[in-house]
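Colleague: Pasted the sequence and its predicted model underneath.
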Amino acid sequence: MQIHLDTMLLTTLIAVGLISFSLWLRGKLVEGAPTGIQNFMESVIEFINQTVKDNFSVNNPLIAPLAMTIFVFILLCNSLDILPAYLMHHVAGLFGLHTFRQVPTNDLNLPAAMAVSVFLLVLYYEFKLKPGHFLKELLLQPFAALLLDSKNPIVKLLGVILIPLNLTLKLIEEFAKPLSLSFRLFGNMFAGEVIFLLIASLLLVGSVDDLSSVGGVVSGAMGLLVGLGWSLFHMFIGLLQAFIFMILSVVYLSIAHQPVEH
């Protein structure tokens, strides 16, 4: 029952920045061959639209903007640790906020909230588009449906008895979706930051006096090179995790839109 102010503050700043950038870009749009930032953004939008088209066979105008929002928002959250030496963390420490978390996706609450939002949207479309079929899957799949088709009353009774087991298995399957979405993103980003801090603590020199020796200079140089290499790899992981979260969200929503097979 806590509100993490660092996560709330940073995600609000990112959201306000995205809205402000969108309004600014809208006023800069030109017809014809785009250049500069407009060309880059059109490439990103085309990539998102093609990804949704390849994984979402039903027409729903909400899905592509949702995928775009998820991808860009998570990517920006993951990229905040690019700032040199965890700048935000050190600035917050000057004001006594020593536990300030610079990357919002390192806080499990944010990935979990986004995953639950996608999950609720999936349930909404399941009940809206095929309520009878979804309830049948909850209660009768995978065992009871086969048993209830039998003409033997004992077998039918066994099928009824298995309904609670089917419901339990189906609920586990459904709840695994938001769990996998949230823990995958949180785990990768948290582990990446921990490894970066380990590299910094083991290799980077602690003070200017340590540079007076050859060993200190070598250790500092190695720390900078290894830290830079890991930072670049961590940036790639952040991009990859944003894409995975987006594509899984689209896939889950696509499954919810699939027509009932007879």
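Modeller: Happy to help now that I have it.
Colleague: how far away is N188 from F73?
Modeller: 16 Å (CB to CB, to the nearest Å). Any C-beta I mention is one placed from the backbone N, CA and C, and that applies to glycine too.
Colleague: meant to ask about V251
Modeller: 19 Å.
Colleague: Of the two, which one has the most company?
Modeller: The residue with more neighbours, out of V251 and F73, is F73; 21 against 13, by other CB atoms under 10 Å.
Colleague: pretty sure the more buried one contacts L13?
Modeller: No: applying CB atoms under 8 Å, one finds F73 not in contact with L13, separated by 11.8 Å.
Colleague: and V58, how many neighbours?
Modeller: V58 - counted by other CB under 10 Å - has 13 other residues nearby.
Colleague: Just the pLDDT at the spatially closest residue to H4 that is not a sequence neighbour, thanks.
Modeller: Distances taken as CB to CB, 6 or more residues apart in numbering place D107 nearest to H4, at 5.6 Å, with adjacent residues excluded. D107 carries a pLDDT value of 89.
Colleague: is it true that D107 touches R101?
Modeller: Yes: with contacts counted by CB under 8 Å, D107 reaches R101, the gap being 5.6 Å.
Colleague: any common contacting residues for these two?
Modeller: 4, 6-7 (CB atoms under 8 Å, 6 or more residues apart in numbering).
Colleague: For burial, what's the neighbour tally of L248?
Modeller: 19.
Colleague: Please, which helix or strand holds it?
Modeller: Element membership for L248, per DSSP states H and E: helix 214-257.
Colleague: could you measure K128 against L139, distance?
Modeller: Distance from K128 to L139, counting by CB to CB: 19 Å.
Colleague: coming back round to it: turn the shared contacts of D107 and R101 into a markdown table, including pLDDT, distance to L18 and secondary structure.
Modeller: Below are those laid out as a markdown table (pLDDT from 0 to 100; distance: CB to CB, whole Å; DSSP: H, G, I helix; E, B strand; the rest coil):
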| residue | pLDDT | distance to L18 | secondary structure |
| --- | --- | --- | --- |
| H4 | 85 | 20 | coil |
| D6 | 86 | 19 | helix |
| T7 | 89 | 16 | helix |
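Colleague: Need these in TSV (columns: distance to I82 and neighbour count).
Modeller: Formatted as TSV, the shared contacts of D107 and R101 follow (distance: CB to CB, whole Å; neighbours: other CB atoms under 10 Å):
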residue	distance to I82	neighbour count
H4	21	16
D6	17	19
T7	18	20
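Colleague: TSV please, covering those residues and showing distance to A256.
Modeller: Listed next are those as TSV, based on distance: CB to CB, whole Å:
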residue	distance to A256
H4	31
D6	34
T7	29
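Colleague: Which one of these is nearest to N60?
Modeller: T7 (30.0 Å; CB to CB).
Colleague: Verify the stated contact: that closest one with P111.
Modeller: No: applying CB under 8 Å, one finds T7 not in contact with P111, separated by 10.5 Å.
Colleague: What lies in contact with stretch 39-56?
Modeller: 25, 34, 63-64, 67-68, 71-72, 246-247, 250-251, 253-254, 257.
Colleague: mind running it again at 10 Å?
Modeller: Applying CB atoms under 10 Å, 6 or more residues apart in numbering, the contact partners of stretch 39-56 are 21-22, 25, 29, 33-34, 60, 63-72, 243, 246-248, 250-251, 253-255, 257.
Colleague: Mark which of those are buried, thanks.
Modeller: Buried by 16 or more other CB atoms under 10 Å: 63-64, 66-68, 70-72, 243, 246-248, 250, 253-254, 257, out of the contacts of stretch 39-56.
Colleague: biggest separation within those residues, which pair?
Modeller: Pairwise distances across the buried ones among the contacts of stretch 39-56 (CB to CB) peak at 23.2 Å, for the pair V72 and H257.
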